[in-house]
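Participant: give me a 3D structure for the following:
(2 chains)
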Amino acid sequence: DTEVTQTPKHLVMGMTNKKSLKCEQHMGHRAMYWYKQKAKKPPELMFVYSYEKLSINESVPSRFSPECPNSSLLNLHLHALQPEDSALYLCASSQGSGWEETQYFGPGTRLLVL
Amino acid sequence: GNSVTQMEGPVTLSEEAFLTINCTYTATGYPSLFWYVQYPGEGLQLLLKATKADDKGSNKGFEATYRKETTSFHLEKGSVQVSDSAVYFCALRRGFGNEKLTFGTGTRLTIIP
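Facilitator: Predicted structure coming up:
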């Protein structure tokens, strides 16, 4: 089973709201990722957690705050977003080490900021 | 730095036609190469991968061979179906462990009956 789940599927929020995106995997993977995908573009990496520690932050604005409470769960906390942050947010996970590393993606959360 | 160049789309083919989507890469060392597919309104699904030169990845009738001499990883399928309509992304990962994926721009494929 290579399933990564994400909730919610869709989210609409105002610029003053606080919301969270959730990602879960039960494959025993130790690396988890957040990507942002705008329409007709490839995904762009935002954050990487490796063994529950933040290992890569691709200079993402502080209005996006990731959290990894345990090895199966990854959250993305959203606060004071801008309309240009509207996008598909994808979570992925991978084994966490080794040359055979493969990232498996979830279905995404489609976010609209009004 | 690392980069992936994909065939410009969109590509429109008739059902049962032969498909090739070109992908070339620039990277130092020995990257792993991937094809991901994204169906409308969905996330990315791993289609196939290859981790060393001359490896052939295959899945669901799709194939791609890791050619180090031409730095290419072209995607092929002998007979496409309407259900293959999607966006296809070529990607590479250089190095070990949780290194980031570098994606191509994506190729939108439409198959008409």
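
Participant: bridged to A:T7, which residues?
Facilitator: With DSSP bridges applied, A:T7 shows beta-bridge pairing to A:K22.

Participant: test my guess that it contacts A:K22.
Facilitator: Yes - taking CB atoms under 8 Å as the definition, A:T7 is a contact partner of A:K22 at 4.9 Å. Quick note: C-beta positions are derived from backbone N, CA and C, even for glycine.

Participant: which one of those two has more residues nearby?
Facilitator: Neighbours were counted for A:T7 and for A:K22 using other CB atoms under 10 Å in any protein chain shown; A:K22 has more, 16 against 13.

Participant: which residues sit in contact with residue 84?
Facilitator: No chain in the question, so chain A it is. For A:E84, the contacting residues are A:V113, by CB atoms under 8 Å, 6 or more residues apart in numbering or on different chains.

Participant: not quite, I wanted chain B
Facilitator: Contacts of B:D84 by CB under 8 Å, 6+ apart are B:19, B:77, B:109, B:111.

Participant: what separation is there between it and B:T107?
Facilitator: B:D84 sits at a distance of 12 Å from B:T107 (criterion: CB to CB, to the nearest Å).

Participant: closest to A:N75 out of the contacts of B:D84?
Facilitator: Proximity of those to A:N75 (CB to CB) peaks at B:L109, which lies at 34.2 Å.

Participant: that closest one and B:V82 touch, don't they?
Facilitator: No - taking contacts as CB under 8 Å, B:L109 lies outside contact range of B:V82: 10.7 Å.

Participant: out of the two, which sits in the more crowded spot?
Facilitator: B:L109 (21 against 11).

Participant: okay, now the unreliable bits of the chain?
Facilitator: Reading this off chain A. Residues of chain A that meet the criterion pLDDT under 70 lie in A:1-2, A:98-100.

Participant: that answer is for a different chain, and I need it for chain B
Facilitator: Ranges of chain B meeting pLDDT under 70: B:95-98.
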